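> coordinates only, sequence not included:
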């Protein structure tokens, strides 16, 4: 399995440019904006394709969790040492899971949890907690950010409690809201609701977890969240989206995005033909039947038809973009694309799911996707390689 990245690379999260190696600062768009899927630098050479590496991402960092007999976390991007290379974190040896934010790296071991402050050079963790291991299990009974009795937040206080009645299975966190999947497949949300990201039909915030009633009765298998939008996948492989759609991150028609693209097109046309008169876009004439409905905020979950031919396997959200992997191994992306985070080898945003053709052209199957705030990371295998 190999990981590729595209999008925001100002700190070398995807690959380390020669100027960064020399310690020189450059704002070259080629270094900062990676629009073509690029194999991640600093990947461990593993001849056995079934050895597993997982990616965790924040705005300025990428954490690679290598899960084998000598498991560890390697950090790339903005790190306290001043290097942009993927460096192993010595305190992570033997860890089973990890999550990263702009301020903290949290590690799960067989018998304990540790959170390390990434903005300080510490010899002891900022927070730790002992956990019990089930006798029949070799790892911790946690799925970060979920931990026994609660979850790990992005900012202090790091440990937050959760009611055991929720029977939490997985949890997706943004900086201001949360989406929880219960063991029964129900979805709960809480936090800021100003952009409809809680899915309750309004813009009110919620202090406590509240079930998303529009999804009640349907079993969900995965949840994910961006800064102001949320998504989930049903057991049948259907994708539901809700929240803010200003950049097309829901895959629904976005007036703001269409206007921005129209302005860019007019500016390019004006640059090519400076003497040509410009006129506004044609308005629908009276009697025309079709008038597109634009959606800025979708306060209820909406079913998104990404591709009619197959189901959605997994999904991830960036700040204002979304990426989904189908059961056939294709990657689809949509939303804000100014840094190339859609992988379409352009810097254009889109309010329609589009397949990333690069991987199909390279005869690669996408098996997983993880979004950072402004970038995207995809795990792939060659078509002739089959990992159990």
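Received it, and whenever you're ready, just let me know what you need. Remember, predicted model here, so these are calculated numbers, not experimental data. Numbering: from 1, shown residues only.
> Under the pLDDT cut-off, which ranges of the stretch 1-150 of the chain? List them.
Applying pLDDT under 70 to the stretch 1-150 of the chain picks out residues 17-30, 42-51, 80-87, 133-141.
> in stretch 200-209, what's buried?
Neighbour counts over stretch 200-209 (16 or more other Cβ atoms under 10 Å) mark 200, 206, 209 as buried. Just so you know, the C-beta spots here come from the backbone N, C-alpha and C atoms, and that holds for glycine as well.
> And stretch 378-387, by the same measure?
Applying a neighbour-count criterion of 16+ other Cβ under 10 Å, one finds 378-381 buried in stretch 378-387.
> so which of the residues you listed comes closest to residue 149?
The nearest member of those to residue 149, counting by Cβ to Cβ, is residue 379 at 31.3 Å.
> In a strand, the closest one, correct?
Yes: applying DSSP: H, G, I helix; E, B strand; the rest coil, one finds residue 379 inside a strand.
> Could you check which helix or strand contains the closest residue to it other than its chain neighbours?
In this structure, residue 379 finds its nearest non-sequential neighbour in residue 368, 4.0 Å apart by Cβ to Cβ, 6 or more residues apart in numbering. According to DSSP states H and E, residue 368 maps onto strand 364-371.
> try residue 179
Residue 179 is part of strand 177-182 when elements are defined by DSSP H and E.
> ok, the following helix or strand past that strand: who's next to it in the sheet?
Next helix or strand after strand 177-182 toward the C-terminus (DSSP H and E): strand 187-191. Using DSSP bridges, the strands paired with strand 187-191 are strand 177-182 (antiparallel), strand 206-211 (antiparallel).
> export those strands to TSV and tack on mean pLDDT and distance to residue 337?
TSV is the format used below for the strands paired with strand 187-191 (pLDDT from 0 to 100; distance: least, Cβ to Cβ, whole Å):
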stretch	mean pLDDT	distance to residue 337
strand 177-182	98	23
strand 206-211	98	31
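> Those strands: which one's closest to residue 248?
strand 177-182 (19.8 Å).
> quick revisit: and the strand holding residue 368, what's buried?
364-371.
> try stretch 307-315
Judged by neighbour count (16+ other Cβ under 10 Å), stretch 307-315 contains these buried residues: 311-315.
> just stretch 101-110 next, same as before
For stretch 101-110, the neighbour count (16+ other Cβ under 10 Å) marks 101, 103-109 as buried.
> From those, which land in strands?
104-108 (DSSP state E).
> ok, so of these, who is nearest residue 343?
Closest to residue 343, out of all of those and judged by Cβ to Cβ, is residue 105, at 26.5 Å.
> wouldn't that closest one be in contact with residue 63 here?
Yes: contact status for residue 105 versus residue 63: in contact at 6.7 Å, counting by Cβ atoms under 8 Å.
> what do the two both touch?
By Cβ atoms under 8 Å, 6 or more residues apart in numbering, residue 105 and residue 63 have these common neighbours: 73, 75, 98.
> any idea how far the last one is from residue 37?
Same thing as residue 98. To residue 37, residue 98 is 24 Å away according to Cβ to Cβ, to the nearest Å.
> got it, and the first one?
In this structure, residue 73 lies at 23 Å from residue 37, with Cβ to Cβ as the measure.
> can I get the buried residues of stretch 101-110 in CSV with distance to residue 179?
CSV is the format used below for the buried residues of stretch 101-110 (distance: Cβ to Cβ, whole Å):
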residue, distance to residue 179
101, 17
103, 21
104, 20
105, 22
106, 19
107, 23
108, 21
109, 26
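> how about the helices in the stretch 151-300 of the chain?
With DSSP state H, counting those that start in this stretch as the criterion, the stretch 151-300 of the chain has helices at 255-272.
> Now flag whichever of the buried residues of stretch 378-387 is closest to residue 296.
After measuring the buried residues of stretch 378-387 against residue 296 - Cβ to Cβ - the closest member comes out as residue 378, at 29.0 Å.
> is it true that the closest one touches residue 39?
No: applying Cβ under 8 Å as the test, residue 378 and residue 39 come out as separate, 10.5 Å apart.
> which residues do those two both contact?
3-4.
> Find me the pLDDT at residue 341, would you?
Per-residue confidence (pLDDT) for residue 341: 98.
> That one and residue 377 touch, don't they?
No: the pair residue 341 / residue 377 is not scored as a contact, 10.0 Å apart, by Cβ under 8 Å.
> anything in contact with each of the two?
residue 371.
> thinking again about what came up before, please list the members of the shared contacts of residue 105 and residue 63 that lie in strands.
In strands, judged by DSSP E, the following of the shared contacts of residue 105 and residue 63 are found: 73, 75, 98.
> Run through the bridge partners of the second one.
Under the criterion DSSP bridges, residue 75 forms beta bridges with residue 63, residue 87.
> Isn't it up against residue 60?
No: look at residue 75 against residue 60 with Cβ under 8 Å: they stay out of range, at 10.5 Å.
> These two: which has the busier surroundings?
Using other Cβ atoms under 10 Å, the more surrounded residue of residue 75 and residue 60 is residue 75, with 27 against 18.
> Distance of the more buried one relative to residue 63?
Distance, residue 75 to residue 63, by Cβ to Cβ: 6 Å.
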